[in-house]
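> sequence? don't have it. structure:
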């Protein structure tokens with residue numbers, strides 16, 4: 001497990017993005033905008049995906065965010081803090 005300290009000396013454990021729940025994601029792009037690395041990407045919801053239209057909170061959502069490069073995540077957690085739907089899951093490494 002990776003552990004660090006903040007500038008003030010407080011212990012901090014990075015939380016790396018593990019997955020995004022496609023049934024909850026509304027494709028707003030807020031997480032993409034705050035990510036300091038190239039970890040996320042927005043993709044169109046395909047007709048062959050496993051999400052059901054009835055599961056979406058926003059019927060106009062035509063896209064969803066996916067984890068493009070999880071190995072580039074620095075564990076800052078900004079994506080999860082800005083997500084209005086709480087669709088991110090994280091893991092400490």
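Yes, it's here. Just so we're clear, the structure is a prediction, and the values are computed from it rather than from any experiment.
> quick one, phi/psi of residue 71?
Dihedral pair for residue 71: phi -70, psi -10, per degrees, to the nearest 10.
> report pLDDT for it.
Residue 71 carries a pLDDT value of 95.
> who's in contact with it?
Listed by CB atoms under 8 Å, 6 or more residues apart in numbering, residue 71 has no contact partners. To be clear about C-beta, it is placed using only N, CA and C from the backbone, and glycine gets the same treatment.
> and if we set it to 10 Å?
16, 37, 39 (CB atoms under 10 Å, 6 or more residues apart in numbering).
> who wins for neighbours among these?
residue 39 (20 neighbours; other CB atoms under 10 Å).
> wait, isn't that residue in contact with residue 18?
No: if you go by CB atoms under 10 Å, residue 39 and residue 18 don't touch, sitting 11.4 Å apart.
> got any residues that touch both of the two?
Going by CB under 10 Å, 6+ apart, residues that sit against residue 39 and also against residue 18 are 67, 70, 73.
> adding secondary structure, write these out as JSON lines.
Shown next, in JSON lines, are the shared contacts of residue 39 and residue 18 (DSSP: H, G, I helix; E, B strand; the rest coil):
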{"residue": "67", "secondary structure": "strand"}
{"residue": "70", "secondary structure": "helix"}
{"residue": "73", "secondary structure": "coil"}
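> looking at these, which is nearest residue 85?
residue 67 (15.5 Å; CB to CB).
> mind listing what the nearest residue to residue 69 once chain neighbours are set aside touches?
Distances taken as CB to CB, 6 or more residues apart in numbering place residue 39 nearest to residue 69, at 5.4 Å, with adjacent residues excluded. For residue 39, the contact set (CB under 10 Å, 6+ apart) comprises 16-17, 31-32, 65, 67-74, 79.
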